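# Mind looking at a prediction? Sequence and model below.
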Amino acid sequence: MLGSYSRGFWLMCLSSFLFFLSFNLLLPELPEHLSQLGGGEYKGFIIALFTLTAAISRPFSGKLADTVGRIPVMVFGSLVCFLCGFAYPWALMVSSFLLLRLLHGFSTGFKPTGTAAFVADIVPTEKRGEAMGLLGVTGSLGMAAGPAFGSWVAETFSLNAMFYCSSAAALLSVLVQGTLTETLPKGQRQKFSFSLLKLKLDEILEPRVLAPALTTLLCLFPYGAVLTVIPDQSRLLGLQGPTKGLFYICYTIASLAVRLVAGKASDTHGRVPVLRWSAAILALGLAVLVWSPSVPIFLLGAVIFGVGTGLNSPTLYAWTIDLSHPERRGRGVATMYIALEVGIGLGALAAGWIFDNQPARLPWVHGLSLACVLAAIAYLLLGIRATPAGPASHQALADEAMAVAGPEEVV
């Protein structure tokens, strides 16, 4: 299995690991850092502002990935992470810190869009689910290592050292991208000009991928809520110091393990059936978090939630790419990511507003997240027709997307 992928694919996986390591190692320490700056009531904005600019920038990154190239879009996103890491030590007021979080969001608005389009270009249709699963494994490794490594650096050295480590990881990601060969055909490439930043209405959202986009929004709402309240919930359960990031570690290891084992599930059984099961598992994990009076139950919820995510995420990527026109692949991926950022941002805002630093309200946060996932399950059961599994069906979806695009758009 592993030997069937190209050198470019594995280098992209390494770049993804470094990128996710870069900004995830900040997450456990930022809520307390913001409280020390005097902005404890703005904890929900740590994630919400980050995802706001990520969502706003998606249409631009999608268009640029389809015109200028995949690699320039990825490099820009990683450079934003690099620069923001150096800026955090100077953001000593609540307003400047929140502004920096707003700017930092451009990183995930660009890098993952270019990455998904690049991987879709070099991976055969029949291996999309598996490839997205493997790419997710490396991203998950970065997400798993980030919180634990960031907390260790902050406690062993200093908070500023943690910020500089974030910059270093982002710079390494850029260097890896510099070894890759652009996959956008030369005939489609254009030199960058500011006129490319002017968007028409049909360049903001790709209508052919609205079904996976809506599913993404509903299933990622809980992720934004969890990121916002888990640091406080961990502290309330007595997880301090090196154990502060234990929830993230359990969640990510479970997600990683499932991606390794079940990466081909949607290639074999179909995208929609796998999404139905993954959403059901997400719902079970959230139900456990609603009632988590002890550390073991709390971490059990993390594991179940991670299993659901490990099935859900690569399947949503693959489904989106199946339905995207080849010449609008960046735009299709960007549309899915817009939904992802909106879901995460709304989840973070809602969690911060409901929680309001009152521990008794934590179950309500997870309960609202559970309601969103149940809505996704209802949509997948009642609003979406499951297609047959297998490579032929995935090619049929791609052919259907080309047909919907119209003959004038098909090369």
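Nice, thanks for sending it over.
# Return the set of buried residues in stretch 286-294.
By 16 or more other Cβ atoms under 10 Å, the buried positions in stretch 286-294 come out as Leu286, Ala287, Val288, Leu289, Ser292. C-beta here means a position set from N, CA and C on the backbone, and glycine is covered the same way.
# Would you mind measuring the gap between the ends of that stretch?
This stretch, stretch 286-294, spans 15 Å end to end (Cα to Cα, to the nearest Å).
# Identify the residues contacting it?
222, 226, 233, 237, 297-298, 300-301, 304-305, 363, 366-367, 369-370, 373 (Cβ atoms under 8 Å, 6 or more residues apart in numbering).
# and those, which two are the farthest apart?
By the measure Cβ to Cβ, Leu237 and Val373 form the most distant pair in the contacts of stretch 286-294, at 23.0 Å.
# These two: who's more crowded?
Legend: neighbour count by other Cβ atoms under 10 Å for Leu237 and Val373, higher for Val373 (26 against 19).
# mind listing what's buried in the helix or strand where the more buried one lies?
In the assignment (DSSP states H and E), Val373 maps to helix 362-382. By neighbour count with 16+ other Cβ under 10 Å, helix 362-382 contains the buried residues 362, 365-366, 368-370, 372-377, 379-380.
# repeat for stretch 332-344
Buried-residue list, stretch 332-344, by 16+ other Cβ under 10 Å: 332-344.
# Make a markdown table from those and add pLDDT and distance to Phe60 to it.
Formatted as a markdown table, the buried residues of stretch 332-344 follow (pLDDT from 0 to 100; distance: Cβ to Cβ, whole Å):
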| residue | pLDDT | distance to Phe60 |
| --- | --- | --- |
| Gly332 | 87 | 15 |
| Val333 | 84 | 13 |
| Ala334 | 84 | 8 |
| Thr335 | 89 | 13 |
| Met336 | 89 | 15 |
| Tyr337 | 84 | 12 |
| Ile338 | 87 | 11 |
| Ala339 | 91 | 16 |
| Leu340 | 87 | 16 |
| Glu341 | 82 | 13 |
| Val342 | 88 | 16 |
| Gly343 | 92 | 20 |
| Ile344 | 88 | 19 |
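# which among those gets closest to Leu201?
Thr335 (13.0 Å).
# For that closest one, pull up the helix or strand it's in.
Using DSSP H and E, Thr335 falls in helix 329-355.
# quick one: that helix to chain centroid distance?
Mean-position distance between helix 329-355 and its chain equals 9 Å (Cα atoms, centre = their mean, to the nearest Å).
# name the helices or strands packed onto that helix?
helix 44-67, helix 94-122, helix 210-236, helix 295-323, helix 362-382 (3 or more Cβ pairs under 8 Å, 6 or more residues apart in numbering; DSSP states H and E).
# right, and Phe247 touches Phe298 too?
Yes: Phe247 is in contact with Phe298 according to Cβ atoms under 8 Å; the separation is 6.8 Å.
# How about Lys127, nearest residue that isn't a chain neighbour?
Leaving aside its sequence neighbours, Lys127 sits nearest to Asp267 (Cβ to Cβ, 6 or more residues apart in numbering; 6.8 Å).
# what's around the one you found, how many residues?
Quick note: Asp267 (other Cβ under 10 Å) scores 26 neighbours.
# Assign it to helix, strand or coil.
helix (DSSP: H, G, I helix; E, B strand; the rest coil).
# do the same with Ile281
Classified using three-state DSSP, Ile281 is helix.
# and it, how far is that from Ala376?
12 Å (Cβ to Cβ, to the nearest Å).
# Same question for Val342.
Using Cβ to Cβ, Val342 is found at 14 Å from Ala376.
# before we move on, what about Phe60?
27 Å.
# Gly330 now?
From Gly330 across to Ala376, the span is 25 Å (Cβ to Cβ).
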